[in-house]
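S.K.: Give me a model of this one.
(chains A, B and C)
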Amino acid sequence: MTTRVGVITFPGTLDDRDAATAIALGGGEAVPLWHKDKDLNGVDAIVLPGGFSYGDYLRAGALASVSPIMDAVVDSAKEGMPVLGICNGFQMLCETGLLPGALTRNENLNFICRPELITITNTKTSWTNFFQPNTELLIPIKNGEGCYQISDEGLKNLEAKGLVVARYNNNPNGSKNDIAAICNEAGNVVGIMPHPEHAVDGLVGAGVDGLGFFWSIAGVTV
Amino acid sequence: MEKIIVEVMPKPEILDPQGRAIQGVFNRDGHELVLGVRQGKRFEISVNGPITDELLDEIEELAANVLSNPIIETYAIYADEGDGE
Amino acid sequence: MVDTVSNAANTPELMQPWQKLGLKEDEYLKIKEILGRRPTAAELAMYSVMWSEHCSYKSSKVHLRQFGEKQPDSDVLLVGIGENAGVVDIGDNWAVTFKVESHNHPSFIEPYQGAATGIGGIVRDILAMGARPIAVMDSLRFGSSDATDTARVLNGVVSGIGGYGNSLGLPNIGGETVFHPSYAGNPLVNALCVGVMKHDQILTSGAEEVGDLVLLYGAATGGDGIGGVSVLASEVFDETASTARPSVQVGDPFMEKLLIEATLEMARANLIEAIQDLGGAGLSCATSEMASNGTGGMRIQLDSVPLRDNTLSLEEILMSESQERMCAIIAPDNLNQVLEICEKWDLNATVIGEVTDSNSLEIYWHNELIVDVPPRTVAHEGPVYQRPIQRPAEQDNLINNSTSSLKKPVNGDEIKSDLLKLISHPNLVDKGWITEQYDRYVRGDTVLAAPDDAGMIRVDRKTGKGIAVSLDGNGRYCKLDPYLGAQLNLAEAYRNVAMSGARPIAITNCLNFGSPEDPGVMWQFAEAVTGLADAALEFDIPVTGGNVSFYNQTGDVAILPTPVVGVLGVLDEVGKRINRVYSTSGSKVYLLGETKPELDGSIWAEIVHNHLGGRPPAIDFAAEKILARCMRNFSAYRIAEATHDLSDGGLLVALAEMVYDSGIGMRIDLPDELQTSEMLFSESSARAVVVVSEFGDNAFLQLCQELAQPFSYIGEIDERIDGLLVTDLFAISQVEILSCFSSPLTT
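M.R.: As a prediction, the model looks like this:
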């Protein structure tokens, strides 16, 4: 059975098309979902794609996190459905409380778009189980508010429980402990600031290092 | 430590996309009585020493030229009357 | 009280503020003659703004006609000049539209919003053709990098382009950033957008069917950009009206993104009969143009326009340039479906009128007729000026002051020192600080982007068909010789597109000049337009549209005349694209084209000697076409490993850029005739550097021979070399190259 992965489009979502392409390249089936939907159409997993939902107004991800579909996303995530929030999707996951912490303005205050090296530090999540521990990946970042912030206590908890999924090799935005991606304790919900969906086709992206995230969710079957 | 508060708002005639989007979500979620939302910024400026007219003038200069963009924003400035010492 | 049509007929002697609205006396009299009475306040407002330079092209029209008259026979042009943007056929039923527009003055006043709304405007132009916008580019010019105001304008403009474009999900695929003192008070912000659609999805602006509805959707109307028109409200007709009108427009990219998706959803469901974006002159322009391009009749209820600001007078509503609005003509049967789509995307949509067969644009305000005009007279029959033209007296001095007297570097150390000056200069350094603030990846089809010579986007995922675009200007050449300079601009954009392997097929332009009332400026303009039109004919590709920006001057001092030219190319398989990055040690380096000692107007003269004089390099259309043909074959047969065109700075700068981008060393052994600084910094046109692996070498030689392409072998890629080694002259290490190209843009 092909894994059906829902890709939710909010007003202002931009990378939904890229996420769908990446899911298909990874062996899954992308199922478009609309933010005003109330149910998840029976999908097996969810991607909250990048972009500027609601123009990033108020706080990035804040207005999208109260969209009608998010109740179902939160409920399903708590029951174990794999959810990947990329960039703006990561911001939404923090706003809903599914993941701890918050994303704030980059240290240099500018939007930054460039490939960055990250290292995978947790290979037990639903979205990273196809990687070897400590694999280095080249994945584009593109964000203005990608600086991961969390209380000291929260940070200790993340580190103690191994919930940091990826770290930047050269921290581009001031994120605490170089954090590029985190997960919840169950490992089904992952938020990542870099864009693995922009690293699945060398002709039009930054290499193919992002494919592993999508293999992880779809499995590789012959 | 004394504080001076500067509040910066988009001028009334200037479009405030953020406020408009927030209002839209409120209305969608059934808060029909919300007629408008405008979003501004608040700056708390801690200063050394008592708040004199000269100091307020000095901060006002900063409010007018640095904290706000006079082309699209207005500002208000006042001494904080919160936690006295 | 409202100035109705009958009131106007009954009060023929009323004094009207036509001068304050920028009209000349003969223009005002012409309006009276057209109407057979004095115009109402609303009509006066409409004519004044539609007959302005910005909307009517009254000074440029007589010259721009050449683009039509000299149009080469072309089978690619689907929609020509006159619509929102030209459309060309790229094969397989795909149509591409592209256009550049300036937003210069607003970007000086408020750089962030000025640049942001510039992107917004050009994207809506492309959307109004029925196309999905797929990429943006920008050509930027600022004052000296060390001038006090430059950082403010540069930072604001770059953030504004990024803030708006990134939020729309449009990859920014390149452009140019140039610093020169003449742009200090007049920065140039020219934004290009490309869009694609299928042939049967092309939309135009003519309202053809009587009874169809006029739908206004998107943002509510505020008092944005109504400038001079406020005099009508404040001084003549309503003493109490608010005079607090925004001096700048604030863009809402989120709204624009919704507008794009909703419009395309309607268009793809065939629910739109005609469409027009609301840009300059707002509703006045949209209603008069749509009526004029269609049946000629339209009835509008102006009081039904949703407002953001209830203090607006009716004249101001007509003039408002509030952003993020579109106007569509909808068949009554389709209205419900259209409204559902707008509702889905949280957009306000209001029917404000209908198409009639009255041959008149009638606008009502609470059931009173306030405008009753033949729409053609507003939209298309504005005044046409034959402005005086005079070649400036100092032009001869400028040309006679050539670079021949300048001190040239004579030995290797001196040449290296000049090269380092060049590649540390803000005009030539790595512009990564800018381009990293733009999203280049979104939509997953970006094949090439800055700093590649052209940007490239895949259009068809099945076949791999794609387009390449380059946007180039050169004020120095145009100052010395606007005719030739404009041609060299076009040649450079053409060459940049060709470097990627694409076949150039269409041209667009944005013509930035000083005041048309200055005969010297008008001479520059006329020469540049003639040069471009003649060159388009030589290259045998059509000009599909353009934009004119006059009055770019501070006091009597105009900017360098700066036509910016965009060229669009097609590549059947984007997988065969070439860029300037090489990877194989042992590959050979060739210089294609003929180098002549041409330093006049060069960036070497500007940077090293602060000199501008003489004659720009010669142009050779045949050589450019052969070079482009070579490149197409290098791409098709995968012969070239890397290509890079030669332009600003000439050969050495191009080689340094390639080494910088590739990170592998290069050994250059120059033939004797190239070993002088006149040749090394020469900006002779129709040249390129090509890197060829040993497997491709025979094919390369054979192709050059067959096409009679001149070339010289000049060296090899050599991983043992650190940086760039030019035998017998100098060596520059990778670290030196890196540190030069990483120099800051502003101080």
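
S.K.: Tell me the predicted confidence for residue 69.
M.R.: As the question left the chain open, I've gone with chain A. Residue A:69 is assigned a pLDDT of 97 by the prediction.

S.K.: that's the wrong chain, I wanted chain C
M.R.: 91.

S.K.: In contact with the closest residue in space to it that isn't next to it in sequence, which residues are there?
M.R.: Spatial nearest neighbour of residue C:69, excluding adjacent residues (CB to CB, 6 or more residues apart in numbering or on different chains): residue C:533 at 7.6 Å. Backbone N, C-alpha and C define where each C-beta goes, glycine included. Counting by CB atoms under 8 Å, 6 or more residues apart in numbering or on different chains, residue C:533 makes contact with C:66-67, C:69-70, C:543.

S.K.: and the helix or strand harbouring residue C:533, which residues are buried?
M.R.: Using DSSP states H and E, residue C:533 falls within helix C:519-539. Buried residues in helix C:519-539, counted by 16 or more other CB atoms under 10 Å in any protein chain shown: C:520-539.

S.K.: Run through the residues of chain B sitting next to chain C.
M.R.: Within chain B, the positions near chain C by CB under 8 Å from any CB of the partner chain are B:10-17, B:20-21, B:24, B:28, B:69, B:71-72.

S.K.: List only buried entries from these.
M.R.: By 16+ other CB under 10 Å, these give B:10-11, B:13-17, B:20-21, B:24, B:69, B:72 as buried.

S.K.: Out of those, give me the two with the largest separation.
M.R.: Pairwise distances across those (CB to CB) peak at 24.7 Å, for the pair B:24 and B:69.

S.K.: which of the residues of chain B next to chain C come close to chain A?
M.R.: Within the residues of chain B next to chain C, those near chain A by CB under 8 Å from any CB are B:17, B:21.

S.K.: In helices, which of the residues of chain B next to chain C appear?
M.R.: B:17, B:20-21, B:24, B:28 (DSSP state H).

S.K.: And those residues, which is closest to residue C:127?
M.R.: residue B:17 (18.6 Å).

S.K.: The closest one reaches residue C:255, doesn't it?
M.R.: Yes: checked against CB atoms under 8 Å, the pair residue B:17 and residue C:255 is within contact range at 6.7 Å.

S.K.: which non-adjacent residue is nearest the closest residue to chain B within chain A?
M.R.: Residue nearest to chain B within chain A: residue A:57 (3.9 Å; CB to the nearest CB). Once flanking residues are discounted, residue A:57 sits nearest to residue B:18: 3.9 Å by CB to CB, 6+ apart.

S.K.: What's the per-residue pLDDT of that neighbour here?
M.R.: 88.

S.K.: same deal with residue B:50?
M.R.: At residue B:50, pLDDT is 89.

S.K.: What's the local residue count around it?
M.R.: 8 (other CB atoms under 10 Å in any protein chain shown).

S.K.: Kindly report the same for the one 10 residues further on.
M.R.: Neighbour count of residue B:60, defined by other CB under 10 Å: 15.

S.K.: which residues sit in contact with the residue nearest to residue A:57?
M.R.: Residue B:18 touches A:55, A:57-58, B:39, counting by CB under 8 Å, 6+ apart.

S.K.: do you know how far residue C:85 is from residue B:64?
M.R.: 42 Å (CB to CB, to the nearest Å).

S.K.: Name the residue in the two with the higher neighbour count.
M.R.: residue C:85 (27 against 16).

S.K.: The residue nearest to the more buried one when sequence neighbours are not counted: what's it in contact with?
M.R.: Spatial nearest neighbour of residue C:85, chain neighbours left out: residue C:99 (3.9 Å); criterion: CB to CB, 6+ apart. By CB under 8 Å, 6+ apart, the residues touching residue C:99 are C:84-86, C:122, C:125-126, C:192-193, C:508, C:544-547.

S.K.: Output the lowest mean pLDDT helix or strand found in chain B.
M.R.: When each helix and strand of chain B is scored by mean pLDDT, DSSP states H and E, helix B:17-28 comes last, with a mean of 90.

S.K.: Which is the succeeding secondary structure element to that one?
M.R.: Next element after helix B:17-28 (DSSP H and E): strand B:41-47.

S.K.: Close to chain C: what parts of chain A are there?
M.R.: Near chain C, when you scan chain A using CB under 8 Å from any CB, you find A:11-12, A:14-15, A:17-18, A:21, A:36, A:51-52, A:54-57, A:110-114, A:140, A:142, A:144, A:195, A:197-198, A:201, A:203-206.

S.K.: Mind doing that once more with 6 Å?
M.R.: Taking CB under 6 Å from any CB of the partner chain as the contact definition, chain A meets chain C at A:11-12, A:14, A:18, A:21, A:52, A:55, A:110-114, A:140, A:142, A:198, A:204.

S.K.: Most neighbours among those, which one?
M.R.: residue A:198 (33 neighbours).

S.K.: Could you find the closest non-adjacent residue to that one?
M.R.: Nearest to residue A:198 is residue C:441, by CB to CB, 6+ apart, at 4.1 Å.

S.K.: residue ranges with poor pLDDT in chain B?
M.R.: B:82-85 (pLDDT under 70).

S.K.: what do you get if the cut-off is 90, keeping everything else the same?
M.R.: B:1-2, B:11-18, B:20-21, B:24, B:28-29, B:32, B:48-50, B:65-66, B:68-73, B:80-85 (pLDDT under 90).

S.K.: Where does it get nearest to chain A, which residue?
M.R.: For chain B, CB to the nearest CB, closest residue to chain A: residue B:18, 3.9 Å.

S.K.: Now do that residue against residue A:14, distance only.
M.R.: 18 Å.

S.K.: For residue C:342, which three-state class applies?
M.R.: helix (DSSP: H, G, I helix; E, B strand; the rest coil).

S.K.: oh sorry, the question was meant for residue C:286
M.R.: helix.

S.K.: how many neighbours does it have?
M.R.: Residue C:286 - counted by other CB under 10 Å - has 25 other residues nearby.

S.K.: How about residue C:468?
M.R.: 30.

S.K.: isn't residue C:341 right up against residue C:266?
M.R.: Yes: when contacts are counted by CB atoms under 6 Å, residue C:341 is listed as touching residue C:266 (5.3 Å).

S.K.: quick one, which of the two is more surrounded?
M.R.: Between residue C:341 and residue C:266, counted using other CB under 10 Å, residue C:266 has the larger neighbour count: 25 against 20.

S.K.: need the contact list for that one.
M.R.: By CB atoms under 6 Å, 6 or more residues apart in numbering or on different chains, residue C:266 lies in contact with C:272, C:338, C:341.
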